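Visitor: here are the coordinates; sequence isn't available:
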């Protein structure tokens, strides 16, 4: 299994093209129809689920969708004093993704937000979104993340990873920069005024994937980095009650079966700059051919999205987790 910048009109065109074979056009407010959802029942870590017992009012002020933009992996193969070669060899591979334009990634974030809202409403809850609270003084004075020049949305590099991610929210105004204590703390007055649970889902997409290998013999050793156009999907859904209690539903590990086909075309790239990514996405510069060799000792790869397959994989992962959360919010932990 294998494992951009635009206007509102471009957004509708991109999503219509990307999702057309993934699901039919549905009435507004309906959840996504996923042809083959993933059963996430035993893949979620659930805490504080009793606080979700309804019916409740749940506020989803924003949705965070992190999409891998750049990444790297270094493999070090060190010889030991008792081994005859005594050498240390290194391999480093880097990648960048082409085709993640602003309109497209914000459209994906909105799809996931609207799907979760529809599922929670179907489970008997009242759901409020950003438009319902955007006029509150507390919300208006909140800080917003600054977009990265060249991408139109924020970019960050979470601790514990060697990746940089585009941080997509459904709209620019929803790119809310939370206080140190988290979104729940920032929205505590809003939650109390509306007797609402604050829920800010975060989804993380890693694609393509890098892997490393080592080899050693009697007198030699080697190291290499490989790449595949596959995808891993993570989700975290922390929530905060108006009485100050916390809970969360999150994936225990990555969902590795979200993509059934390659989600892009991989080739050699000159570097990982926005200029190169935009050129590849626009078809102005072809990816270098790799043939059957998908390994390197040192090099940079580019992945040009197959938007139909990439979209289907992201929405399959997100909708599957949303289904699991909605079931917990309706029936409790199974």
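Guide: Structure's in. What do you need? Bear in mind the structure is a predicted one, so any value in this text is a computation, not a measurement.

Visitor: tell me the mean pLDDT for stretch 178-190?
Guide: Over the span of stretch 178-190, the pLDDT mean works out to 91.

Visitor: That should have said stretch 313-332, apologies.
Guide: 94.

Visitor: where's it relative to the chain centroid, distance-wise?
Guide: 15 Å (CA atoms, centre = their mean, to the nearest Å).

Visitor: Show me which positions of that stretch end up buried.
Guide: 313-330 (16 or more other CB atoms under 10 Å). C-beta: built from backbone N, CA, C; applies to glycine.

Visitor: for stretch 132-150, same thing?
Guide: 132, 133, 136, 139, 142, 145, 147, 148.

Visitor: Counting neighbours, what do you get for residue 279?
Guide: 17 (other CB atoms under 10 Å).

Visitor: Any chance of the backbone angles for residue 227?
Guide: Residue 227 adopts backbone torsions of phi -140, psi 150, taken as degrees, to the nearest 10.

Visitor: same deal with residue 98?
Guide: phi -110, psi 130.

Visitor: Farthest-apart pair in the buried residues of stretch 132-150, please.
Guide: Using CB to CB, these span at most 28.8 Å, a distance reached by 132 and 148.

Visitor: Now tell me what touches the strand or helix carrying residue 212 from outside.
Guide: Assessed by DSSP states H and E, residue 212 sits inside strand 209-216. By CB atoms under 8 Å, 6 or more residues apart in numbering, the surrounding residues in contact with strand 209-216 are 3, 71-75, 77, 79, 83, 85, 91, 93, 95, 221-228, 230-232, 295.

Visitor: Run me through the strand neighbours of that strand, direction for each.
Guide: Using DSSP bridges, strand 209-216 pairs in its sheet with strand 221-228 (antiparallel).

Visitor: which parts of the partner strand are buried?
Guide: Result for strand 221-228 [16+ other CB under 10 Å]: buried residues 221, 223, 224, 225, 226, 227, 228.

Visitor: Same question for stretch 278-285.
Guide: In stretch 278-285, counting by 16+ other CB under 10 Å, buried: 278, 279, 280, 281, 285.

Visitor: which stretches of the stretch 151-300 of the chain form helices?
Guide: Listed in chain order, the helices of the stretch 151-300 of the chain (DSSP state H, counting those that start in this stretch) span 183-186, 188-194, 274-281.

Visitor: Can you tell me which of those helices is most buried?
Guide: helix 183-186 (a mean of 20; mean count of other CB atoms under 10 Å).
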